[in-house]
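Chemist: Quick one, what's the 3D model for this:
(2 chains)
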Number of protein chains: 2
Amino acid sequence: MPNRKNVKLPHSIHFNSGSWEALNTYLSTSGFSKVFVLTDENTNTHCLPIFQRNCTLKNFEVLSMKAGESHKTIDSCVTLWQQLSEKGADRKSLLINLGGGVVTDLGGFVAATFKRGIHCIHIPTSLLAMVDASVGGKNGVDLGSLKNQIGVIKQPDLVLVTTEFLKTLPEDHFISGLAEMLKHGLIHSEAYWQKVSNYDKHTGDDLDTLILESILIKHSVVSADPNEENLRKTLNYGHTLGHAIESYCLDHSERRALLHGEAIAIGMILATFISSVLLSFPKKKLEEISRVIFNYFPKQEFNRSDIENVIKLLIYDKKNTNGKVHFVLLEAIGSHKINCEVPNSLIYSAFEYYENF
Amino acid sequence: MPNRKNVKLPHSIHFNSGSWEALNTYLSTSGFSKVFVLTDENTNTHCLPIFQRNCTLKNFEVLSMKAGESHKTIDSCVTLWQQLSEKGADRKSLLINLGGGVVTDLGGFVAATFKRGIHCIHIPTSLLAMVDASVGGKNGVDLGSLKNQIGVIKQPDLVLVTTEFLKTLPEDHFISGLAEMLKHGLIHSEAYWQKVSNYDKHTGDDLDTLILESILIKHSVVSADPNEENLRKTLNYGHTLGHAIESYCLDHSERRALLHGEAIAIGMILATFISSVLLSFPKKKLEEISRVIFNYFPKQEFNRSDIENVIKLLIYDKKNTNGKVHFVLLEAIGSHKINCEVPNSLIYSAFEYYENF
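Modeler: Numbering: from 1, shown residues only, chains lettered A, B, ... in the order given. Below you'll find the predicted structure:
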């Protein structure tokens, strides 16, 4: 187990063995008027049975949405708001979001806004949702191809992380989640970076420990700065270009839609290259990081016109102000600098580095 | 001026002479990246010129929505979110909502959810928005014909109440606002009830004082209970049936859509009748209240089937839990009781009283 002396999980986050007990206690003592469980097509098939086996409450209503980032829309919210209305949800009702990041982000927003806020629990079933999306209270949906443009920050009542669900996860979704864990290493600690870099996906040893440590890192950052004034921005490492790349691929049907982690992995290589130019991030470490990331995430191709369009999308990034694009960069692993301005020419160079690695 | 010794306006609410100065100071010292002003067709024509005359900042962008409750929808939000995106709004941008309750409710929700929250100022231009909608941070939109089903509670940066705008208001909208002021009297103080009852709409004497006192009452209630656990529910007096009547008329094109205050006025007569039966609210006062309200709000007709449909809509009221409809009722003027259950038969009797008065 990682050292939990300095960073404690709050009472609202429960991990593995304690999760189902925490859920059942909470359900039996809170007097909810109705309980709803939101799934997508995949978690409805693969995760709901596990939930049903462990949850002592039996009379809940299941809501379902289509799977995938392309359904993380206001239209999906409208459908769910209407279903909650029709099924008599009220302010004492609870929505349990059982799924990956799309389900926890969208379900969190639906709960935060239905009748100005009903109760909400996240049960992340993907690695990405466990180590990232479900921790910190950010929720929301995309606006067209622009990621997470609409949402609020509101903490769920509980987050229940049960790594048993990872057995239900397709390989590429599992790898996608590793990108955020690698990011936690890069922004927070060389030691953790080394541990995740050396993770052996074939044996799976220590995975639970690595996940818990990732959650602890994310939690320590968001509790120090819940409204993203400073420190929380570091979690955006690799996301400025990563989100733009993700939006661009989502919007161009001739390209394969990238999973969030796949896009962020590219964004991290680009941001680390930019860091090496602007902040003298060590070249050897840049190469090590690129090698580790390429080991998990095969290279994608971007031509000049792709890159131009990605740069155009940067102005929609939520961290930008006054029309200026702000990056999180690194001086070294674990040593970050926020609000860095980056000239477009350097972004082209970064893509060139990425393509030629 | 009303006695302000016990109840103070917070720093964020400014009244008449201080309003424009507060706005100009705030704009010149806050370093907003962009300023947007949301209007509807009416306030664009009648109120924007007053705003432009008084606001020292000149380079703001005007957004506009269609006027009226039927446009208080998620679709209107999507249009505005897209416009904000296209015009480069970021987290340091400000949205000023210049309009009645629809504009402040919807604009407040758009601002609270765009990029997880941008800055927001309300400048209410209708009497209803001045004494009710703009105070307390509730925002939101309707879901189909169901009122305010989607929203959050978030305080705007500033609320600037300038009664000069009332000159731009059509008579029926002005009267509609009086309903909420009468409600403040009923739930809070006999003395204030008497003052508003005796208000002479032809001379307009003391109107500013009455408005300020109404804002103070609303503010004292919402600051004591911002999340509507107890006391804030009293502001719902007349709204349980009032909202259902408003939704019913909105949803039936053969009926005239009622203004919010018109619907609430009916709801208050019904709630006061129910109070007289369940809580022995004095019969003489019931008659006085009915007389005062009918003096402003002409009788509407409801047949048995209308009433049945109104009752069906009650289950969507946001204050309900566990499928039970909860009313705020009165033991006397200023003495309220929340969470009262009311049998349907009594609702029919209340409509009968209303129709036969």
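
Chemist: so where do the helices sit in chain A?
Modeler: A:17-29, A:41-46, A:48-54, A:74-86, A:101-113, A:127-128, A:171-188, A:190-197, A:207-224, A:239-251, A:260-278, A:283-296, A:304-313, A:344-356 (DSSP state H).

Chemist: what would these look like in a markdown table with mean pLDDT and mean neighbour count?
Modeler: Just so you know, the C-beta spots here come from the backbone N, C-alpha and C atoms, and that holds for glycine as well. As requested, the helices of chain A are arranged in a markdown table below (pLDDT from 0 to 100; neighbours: other Cβ atoms under 10 Å in any protein chain shown):
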| stretch | mean pLDDT | mean neighbour count |
| --- | --- | --- |
| helix A:17-29 | 95 | 15 |
| helix A:41-46 | 97 | 18 |
| helix A:48-54 | 97 | 15 |
| helix A:74-86 | 97 | 18 |
| helix A:101-113 | 98 | 28 |
| helix A:127-128 | 96 | 28 |
| helix A:171-188 | 96 | 23 |
| helix A:190-197 | 96 | 18 |
| helix A:207-224 | 95 | 20 |
| helix A:239-251 | 93 | 25 |
| helix A:260-278 | 97 | 25 |
| helix A:283-296 | 97 | 16 |
| helix A:304-313 | 95 | 15 |
| helix A:344-356 | 97 | 16 |
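
Chemist: Kindly reformat the ones you listed as CSV containing distance to residue A:63.
Modeler: Below are these laid out as CSV (distance: least, Cβ to Cβ, whole Å):
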stretch, distance to residue A:63
helix A:17-29, 17
helix A:41-46, 10
helix A:48-54, 11
helix A:74-86, 6
helix A:101-113, 9
helix A:127-128, 21
helix A:171-188, 22
helix A:190-197, 35
helix A:207-224, 26
helix A:239-251, 24
helix A:260-278, 23
helix A:283-296, 34
helix A:304-313, 32
helix A:344-356, 40
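
Chemist: and of the ones you listed, who's closest to residue B:80?
Modeler: For those, the distance to residue B:80 is smallest for helix A:74-86, at 12.1 Å, taking Cβ to Cβ.

Chemist: So what touches the closest one?
Modeler: Here helix A:74-86 makes contact (Cβ atoms under 8 Å, 6 or more residues apart in numbering or on different chains) with A:36, A:38, A:63, A:65-66, A:93, A:95, A:106-107, A:109-110, A:113-114, A:118, A:141, A:143, A:150, B:74, B:77-78, B:143-144, B:146, B:149-150, B:316.

Chemist: ok and that helix relative to helix A:101-113, angle-wise?
Modeler: 50 degrees (axes from the mean of the first three to the mean of the last three Cα atoms, to 10 degrees).

Chemist: Off-centre distance for helix A:74-86?
Modeler: In terms of Cα atoms, centre = their mean, to the nearest Å, the gap separating the centre of helix A:74-86 from the centre of its chain is 23 Å.

Chemist: Could you measure from the residue of the stretch 101-250 of chain A found nearest chain B over to residue A:167?
Modeler: Distances between the stretch 101-250 of chain A and chain B by Cβ to the nearest Cβ are smallest at residue A:115, namely 4.4 Å. Residue A:115 is 36 Å from residue A:167, where distance means Cβ to Cβ, to the nearest Å.

Chemist: So these two - more neighbours on which side?
Modeler: Taking neighbours as other Cβ atoms under 10 Å in any protein chain shown, residue A:115 and residue A:167 compare with residue A:115 leading, 25 against 9.

Chemist: can you pull the contacts of the more buried one?
Modeler: A:89, A:90, A:91, B:149, B:318.

Chemist: try residue A:143
Modeler: A:74, A:149, A:150, B:78, B:81, B:82, B:85.

Chemist: is it true that the second one touches residue A:247?
Modeler: Going back to what we said before, that points to residue A:149. No: using Cβ atoms under 8 Å, residue A:149 makes no contact with residue A:247, being 9.9 Å away.

Chemist: which residues do those two both contact?
Modeler: Joint contacts of residue A:149 and residue A:247 (Cβ under 8 Å, 6+ apart) are residue A:316.

Chemist: Now for residue A:192: which residues touch it?
Modeler: A:184, A:185, A:213, A:214, A:217.

Chemist: Distance to residue B:205 for those - can I get that in a markdown table?
Modeler: Putting the contacts of residue A:192 into a markdown table (distance: Cβ to Cβ, whole Å) gives the following:
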| residue | distance to residue B:205 |
| --- | --- |
| A:184 | 66 |
| A:185 | 71 |
| A:213 | 70 |
| A:214 | 67 |
| A:217 | 65 |
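
Chemist: Could you work out the most separated pair of these?
Modeler: Checking those with Cβ to Cβ, the most distant pair is A:185 and A:213, at 9.5 Å.
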